[in-house]
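**Student:** have a look at this prediction, sequence included:
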Amino acid sequence: MKIKYIDGKRFLRGIRAGARKVVDQQDHLNKINVFPVPDADTGTNMAATMKTVVTNMSPDNSPIDEATQKIADSALEGARGNSGVILAQFFYGLAKGIGKNHKVSTAQFAEAAVSAKQHAFKALSEPREGTILSVIKDWAENVYENSKKIFDFQELLNHALEVAKRSLEATRSKIEAMRNANVVDSGAQGFVYILEGISHFIDRGRIKENQETTLEPVESIAHTEVLPEQINYRFCTECLIEGQNIPVDDLRKQIEQYGDSVVLAGSDKKARLHIHSNEPAKVFKIARQYGALLQQKADDMLKQYLVAHNPHPRIALVVDSACDLPQEFIDRYNLHVVPVRVSFGQSCYIDKITITPEYFYEMLDSEPEHPQTSQPSPADFINLYGFLLSHYDSIISIHIPESVSGTFQNALNAARTFPDRKISIIDSKTLSVSMGFIAERAVELIAAGKSHDEIVTDLTRATRRTQIFVGIPNLKYMIRGGRVGKAKGLAAKLLHIKPILNLDEHGVPQHFSKSFSRKGAFAKVLQLAIDLAAQKTNPRFRIAHVNNHSIAEHYVSELKKRFGVGSINILPASPVLGAHAGIGAAAIGISWSE
């Protein structure tokens, strides 16, 4: 029987069948993923996108206009990766093309297919032949041409599917990376899987539980020769923008200078941004002008590549972003950082990646809401630990004190999901630059070839050999953040009290001392650090500050004079410290030998 119209019920079930095909074949898509970056995640990203679509689907009795709009919205919400965002834009264009029709003929569907193609191409600043876009284009144009003479959906879609398959095969030779690896484009293959699922449903009228495939077996991930220096942009960066009057085309042009693989999909009220960039924070600073930034993601493609392809020690070292260390040190010794989340209103940033300390300080004074910091989720730890355990024998994970954050507990819970692997979670009992000393000690011990257990024992002792003194020149940030009550804050303000904090033996912040002037507070911090260091063997220092470089330089000068030490790093304080200490605060971290 010919199918002359498609309604919401038939379309939704077809999309569900296509989604199942992508989910079933995601491992294959990961294995053939070599372009634009061979990071083996296209299948995972497309599957995640389609899972969100299916999870949020309208009821089967919805008209096709409502169904396609819901699919477009869900795809935008769940889009991950380059291909996922292109797919979301395809569905958005399809919904726009369907318009307000409750069911569509082949001719009306063909118009919608052309709209989907146009919107998919529009999402990219530099559309590339030989990718998913080529297959979308060839499929949509075939649907449109044949709709003039074919009025049966079964025949129309089956014919277009064969064209899409030929277009897919052609991607094997159009881009050097695919040519060298002898594979088709993974995103294009995922799109063809969706078309196959839809056609299968249209043909059979049901979703076959175990769809047969004609895939040639792939025993390993497709190999392509890529050197680290060929990865021009380090972070695969994404977010969802929600606002009013988002200038999608103008925004795309504004961010192009900061990377490649730029994809911007959606409408003037909700848009999904994807870019490969070395400066995600600059990209998000621009995007923040147009709305709240949700679902932020920034995967370090360079680090993932180096872990997978370069020799490294048997023990992986993990810290959270409350640990302040020079980025050069983190990169040189391949530390793995689990970022804290920093929220201003609805916008939730990834510490030190999508928001830099400098940008954080700027927002700390300009944003109406006081920032909230939240620990990495258990899923953040599980994902990182799972990846590292495929390349390392064991993991040592050092974190901000359990007494001030749930980070330690989340790390501990995540480690328990790998009962057969060795993961040690260490409470640093400190934060910021002092926590950095413990991470440095771990690097030294790993490089010296010490065993996992030896390192854990040594680091546990090392937590007792650090201290930090923080001078707070203005209590307003602690009041805004709820760390100091308004009544106490008012009394302290009237008395011009400037508190000085340190951490007790359990890592709990305490009011260790005070001064009655800004200048006096900074002088007392310096004197406290000198007095403690004078009693210790081989003291080392590091300075953290919240937009107060001048006092940081003064501390360095005075400590060098007093102790004759060499280099002393000055670092911007992480938001975990900066959100509460506030603009102008400065800290001296100290470590010493036994």
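**Tutor:** Looks like it arrived, so ask away.
**Student:** can you get me the start-to-end distance on stretch 48-67?
**Tutor:** 19 Å (C-alpha to C-alpha, to the nearest Å).
**Student:** flag every buried residue along that stretch.
**Tutor:** 48-54, 57-58, 62-67 (16 or more other C-beta atoms under 10 Å). The C-beta positions use only the backbone N, C-alpha and C, and glycine is treated the same way.
**Student:** cool, and stretch 241-258?
**Tutor:** For stretch 241-258, a neighbour-count test (16+ other C-beta under 10 Å) marks Ile241, Glu242, Gly243, Ile246, Val248, Leu251, Arg252, Ile255, Tyr258 as buried.
**Student:** any idea which helix or strand carries the fourth one?
**Tutor:** It refers to Ile246. Under the criterion DSSP states H and E, no helix or strand holds Ile246.
**Student:** looks like it contacts Gly291 (just checking).
**Tutor:** Yes - look at Ile246 against Gly291 with C-beta atoms under 8 Å: they come within range, at 6.0 Å.
**Student:** which of the buried residues of stretch 48-67 scores worst on pLDDT?
**Tutor:** Ranked by pLDDT, the buried residues of stretch 48-67 bottom out at Ser58, which has 80.
**Student:** which residues does that residue contact?
**Tutor:** Gly8, Leu12, Glu66, Ala67, Lys70 (C-beta atoms under 8 Å, 6 or more residues apart in numbering).
**Student:** narrow those residues to those in strands?
**Tutor:** Taking DSSP state E, every one of the contacts of Ser58 sits outside strands.
**Student:** can you redo the buried residues of stretch 241-258 as TSV with secondary structure?
**Tutor:** Below are these laid out as TSV (DSSP: H, G, I helix; E, B strand; the rest coil):
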residue	secondary structure
Ile241	strand
Glu242	strand
Gly243	coil
Ile246	coil
Val248	helix
Leu251	helix
Arg252	helix
Ile255	helix
Tyr258	helix
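**Student:** now these as TSV including distance to Arg20?
**Tutor:** Output for the buried residues of stretch 241-258, formatted as TSV (distance: C-beta to C-beta, whole Å):
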residue	distance to Arg20
Ile241	30
Glu242	30
Gly243	34
Ile246	33
Val248	31
Leu251	34
Arg252	33
Ile255	35
Tyr258	37
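**Student:** how about the strands in the stretch 451-594 of the chain?
**Tutor:** Counting by DSSP state E, counting those that start in this stretch, the stretch 451-594 of the chain has strands at residues 466-471, 498-503, 509-515, 537-545, 570-572, 586-593.
**Student:** nearest to Asp268, of these?
**Tutor:** strand 570-572 (35.5 Å; C-beta to C-beta).
**Student:** thinking again about what came up before, looking at the contacts of Ser58, which are in helices?
**Tutor:** Counting by DSSP state H, the contacts of Ser58 place Gly8, Leu12, Glu66, Ala67, Lys70 in helices.
**Student:** and Ala414, what is it in contact with?
**Tutor:** Contacts of Ala414 (C-beta under 8 Å, 6+ apart): Pro378, Phe381, Ile382, Tyr385.
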